[in-house]
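> what follows is a predicted structure for the sequence shown.
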Protein chains: 4
Amino acid sequence: MKKKVLLTGFDPFGGESVNPAWEAVKRLHGETARDISIAAEKIPTVFGKSADVLEKAIEKHQPDIIICTGQAGGRPHITPERIAINIDDARIADNEGMMPIDENIAQDGPAAYWSTLPIKRIVQTLKHNGIPASVSNSAGTFVCNHLFYRLMHHLALSSSGARGGFIHIPYLPEQTIDKKEPSLSLDVIVEALRIAALTAASHETDIREQGGSLD
Amino acid sequence: MKKKVLLTGFDPFGGESVNPAWEAVKRLHGETARDISIAAEKIPTVFGKSADVLEKAIEKHQPDIIICTGQAGGRPHITPERIAINIDDARIADNEGMMPIDENIAQDGPAAYWSTLPIKRIVQTLKHNGIPASVSNSAGTFVCNHLFYRLMHHLALSSSGARGGFIHIPYLPEQTIDKKEPSLSLDVIVEALRIAALTAASHETDIREQGGSLD
Amino acid sequence: MKKKVLLTGFDPFGGESVNPAWEAVKRLHGETARDISIAAEKIPTVFGKSADVLEKAIEKHQPDIIICTGQAGGRPHITPERIAINIDDARIADNEGMMPIDENIAQDGPAAYWSTLPIKRIVQTLKHNGIPASVSNSAGTFVCNHLFYRLMHHLALSSSGARGGFIHIPYLPEQTIDKKEPSLSLDVIVEALRIAALTAASHETDIREQGGSLD
Amino acid sequence: MKKKVLLTGFDPFGGESVNPAWEAVKRLHGETARDISIAAEKIPTVFGKSADVLEKAIEKHQPDIIICTGQAGGRPHITPERIAINIDDARIADNEGMMPIDENIAQDGPAAYWSTLPIKRIVQTLKHNGIPASVSNSAGTFVCNHLFYRLMHHLALSSSGARGGFIHIPYLPEQTIDKKEPSLSLDVIVEALRIAALTAASHETDIREQGGSLD
């Protein structure tokens, strides 16, 4: 049976001229493999509006799987996130100048939601393909976590049965020419998100594999 | 009115011969300042047992404030934790050889608990005193997070009105002679935890101050 | 007038199964562009023998430019080295089990040699091409620095007029699946070394561009 | 026989309000131990002038040992430097607005000078005392390296028989409250420089102990 995966990527923020998240997912838009089709949508890096755009995209595409992606500048690995937390705490302004501090995302929501993607399986499959990946236990408190939380809140209240989560990705090499930070090439990130999409669509359950962090 | 603060610190783990957490809190045991008294207890770095020992210590001391502390090797700052998550995912064995993977801490518990310490106020006061500090959004998935979650679960089910949370601390300098990692001197850590104890006991509410993370 | 560039890359060491240096330079072997031809040779990661193999390769190829390359695990950038120092001080054994400590490379040699490649120009050209690069002021004290020093000592005593130096490169992505370290894709590294070879062959003099380090 | 050690420390630069180097060495000024006396002098963070002030201090104190110290923000260890290189390449302006790029320090000087301090012995003694320390192979290309090179050039041309070198030290904790960088407490740095001074004055020769770097 055909499955549909919706990938989203943010537009640039924080002074960057590109966002590797959107650069990567737009290259996967329209791909089909193993009865799985991929659609991609761009999301504004704005509290609130990001989630509104996401919800409209979900309504439009009716996906079985939703994977939101965002840039985590400074991380060397592809990092599927384990948990979204119910807090906005901005260190910089978003793309419309908003900077919420310690505000709950959903007044009536739980403190946190788990990703319903098979994150350990995605990490394992990426590593088998030579792509550096590990589980992350914090998506931060900026728009990435905001969108991730809003996605999971939406799915929790929905009867669609869709599953979803968030994957953080490193800078592109060209973003790091003036900073000594790690990067991954666009083709590696594209391949990583393709693998993540296919893995998530093909497997409802996760594997039991060590992926923890001491702190 | 007199207030009582219980500080806890773990015993050494992961091949270390000291744990800065216990070294620091034991030096504060018995201190009194501004009608606030401090007691300290040592906690084994063991899933399950750590929380049992903590609960007995809470019963014994009847504290108004409980601050558990643990070593976060590699962090340069004193980091009050924002949130405890309902998962054990060990990367190394604990001190009794247990290595749970992706197991919930409390079957009936929520996905996460917020610290009920005034973490932003603690960070602000530490910085005013020249001590490097910042909020952390992840206590990891090892025994530190386990104890933190069990503490908050216990307090949520208790009618004591006590507040609590977790603070991660860096290595001591002598732990880093063979690794190029940050450290803080014991007297700085002791002063930091003294400030944290007094701040938490004196202030029920937190301040609204930026302390977020992009990812 | 036709120019010849000799690129060298080490074999794997320190428990790695590949060395990105050899993987990259072997892909450039035989390339010709703008009257510049490139040859590549593999060098053993062994004190002494590495330089003997290099000297034979120089005799065989009679290059105008010699660029030796090696893996600098943990660096996020392509880093042309500024200076080679007259010391072997091994932290691990080389591939034949030798581990010299504080031994001069050439008894009669100066304390250090400058690279005679246009390192600032190479860095500038790489950055213009979107490849993260910066000057390094230390090639370490292991076989990389050893080979670099021996190369410059050889060129200083030779009448060939050839110029040379050393470029350190990051891990490949597949080397970092079990370590949280930066990497660059092989095609980025290959393109970087192609640009370095052409830039060095086309320009005898360097540009005056900031590339220093505070410490 | 009585020995005299001259310690120098820079004034603040790069936007900092203190320099841990001067803060530390001024606390050792006037100390005497084991027939060894210590004097301390402050050095301006200025190309050229720094060395002029140093040379006058050497003339005034007639020391047997000169140890210049400077801040290496971001390093977690006390790091005796192995080698000074004959180049100024400033990434920021010095305290008088100068920013030399790729200029030799001494037209007639060698490419580099080795420290004549027993750097491995200093590192070993610091570690025995629980102080994190390691050898550094690059003092950078800013005023620290400039002063270090000028010191060694001066000693090379002098008949005094005095020995000297440079030690980089980390930030103080209070310098890192707004940046996630390592630090060491002032009392640890003071004790480290006291140990370095006594070790250098008591031992003309170094030990043979591994202290190298792969890159």
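Received it, and whenever you're ready, just let me know what you need.

> stretch A:195-212: end-to-end distance?
Start and end residues of stretch A:195-212 are separated by 22 Å (C-alpha to C-alpha, to the nearest Å).

> and chain B, is that stretch touching that?
Yes - residues of stretch A:195-212 contacting chain B under C-beta under 8 Å from any C-beta of the partner chain: A:206, A:208-212. (C-beta placed from N, C-alpha, C; glycine too.)

> for stretch A:12-26, same thing?
Yes - Stretch A:12-26 comes into contact with chain B (C-beta under 8 Å from any C-beta), by way of A:G14.

> of the residues of stretch A:195-212 next to chain B - the most surrounded one?
Counting neighbours by other C-beta atoms under 10 Å in any protein chain shown, A:G211 leads those with 23 neighbours.

> quick one, what contacts that one?
Contacts for A:G211 were tallied using C-beta atoms under 8 Å, 6 or more residues apart in numbering or on different chains; they are A:119-120, A:123, A:134-135, B:89, B:91, B:102.

> please type out the ChimeraX selection for whichever of the residues you listed turn out to be buried.
Selection of buried members from the contacts of A:G211 for ChimeraX, criterion 16 or more other C-beta atoms under 10 Å in any protein chain shown:
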select /A:119,120,123,134,135 /B:89,102
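
> so which of the contacts of A:G211 are also by chain C?
A:S134.

> still on that earlier bit, tabulate the residues of stretch A:195-212 next to chain B (a markdown table), appending secondary structure and pLDDT.
Below are those laid out as a markdown table (DSSP: H, G, I helix; E, B strand; the rest coil; pLDDT from 0 to 100):
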| residue | secondary structure | pLDDT |
| --- | --- | --- |
| A:D206 | coil | 92 |
| A:R208 | coil | 87 |
| A:E209 | coil | 84 |
| A:Q210 | coil | 81 |
| A:G211 | coil | 82 |
| A:G212 | coil | 85 |
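
> which one of those is nearest chain B?
Checking the residues of stretch A:195-212 next to chain B against chain B with C-beta to the nearest C-beta, the nearest one is A:G212 at 3.3 Å.

> phi, psi for the nearest residue to the closest one once chain neighbours are set aside please.
Nearest residue to A:G212 in three dimensions, chain neighbours excluded: B:D89, at 3.3 Å (C-beta to C-beta, 6 or more residues apart in numbering or on different chains). The phi/psi pair for B:D89 (degrees, to the nearest 10) reads phi -150, psi 90.

> over to A:G164?
According to degrees, to the nearest 10, A:G164 has phi -160, psi 180.

> contacts only, for the nearest residue to it once chain neighbours are set aside.
Residue nearest to A:G164 in three dimensions, not counting chain neighbours: A:I66, with 3.7 Å by C-beta to C-beta, 6+ apart. Residues near A:I66 by C-beta under 8 Å, 6+ apart: A:5-6, A:8, A:54, A:58, A:151, A:155, A:162-165.

> if I look at A:I66, how far off is A:P80?
Using C-beta to C-beta, to the nearest Å, A:I66 is found at 13 Å from A:P80.

> okay, and the common contacts of the two?
Counting by C-beta under 8 Å, 6+ apart, the residues touching both A:I66 and A:P80 are A:G165.

> now stretch A:86-95: buried residues?
For stretch A:86-95, a neighbour-count test (16+ other C-beta under 10 Å) marks A:86-90, A:94-95 as buried.

> ok, then the element right after the helix or strand bottoming out on mean pLDDT in chain A?
Least confident helix or strand of chain A, by mean pLDDT, DSSP states H and E, is strand A:32-33 with a mean of 93. Using DSSP states H and E, the helix or strand that follows strand A:32-33 towards the C-terminus is strand A:36-43.

> any residue of that next one touching chain B?
No - for strand A:36-43 and chain B, the contact criterion (C-beta under 8 Å from any C-beta) is not met; the two come no nearer than 15.4 Å.

> contacting residues for the residue located most distally from the centre of chain A?
Within chain A, A:D178 marks the point farthest from the mean C-alpha position, 25.8 Å out by C-alpha atoms, centre = their mean. Each residue near A:D178 by C-beta under 8 Å, 6+ apart is listed here: C:K127.

> how near is it to A:G73?
A:D178 is 12 Å from A:G73, by C-beta to C-beta.

> repeat that for A:F47.
Distance of A:F47 to A:G73, computed by C-beta to C-beta: 19 Å.

> phi, psi for A:S50 please.
phi -50, psi -50.

> what about it, how many neighbours?
Neighbour tally, A:S50, other C-beta under 10 Å: 25.
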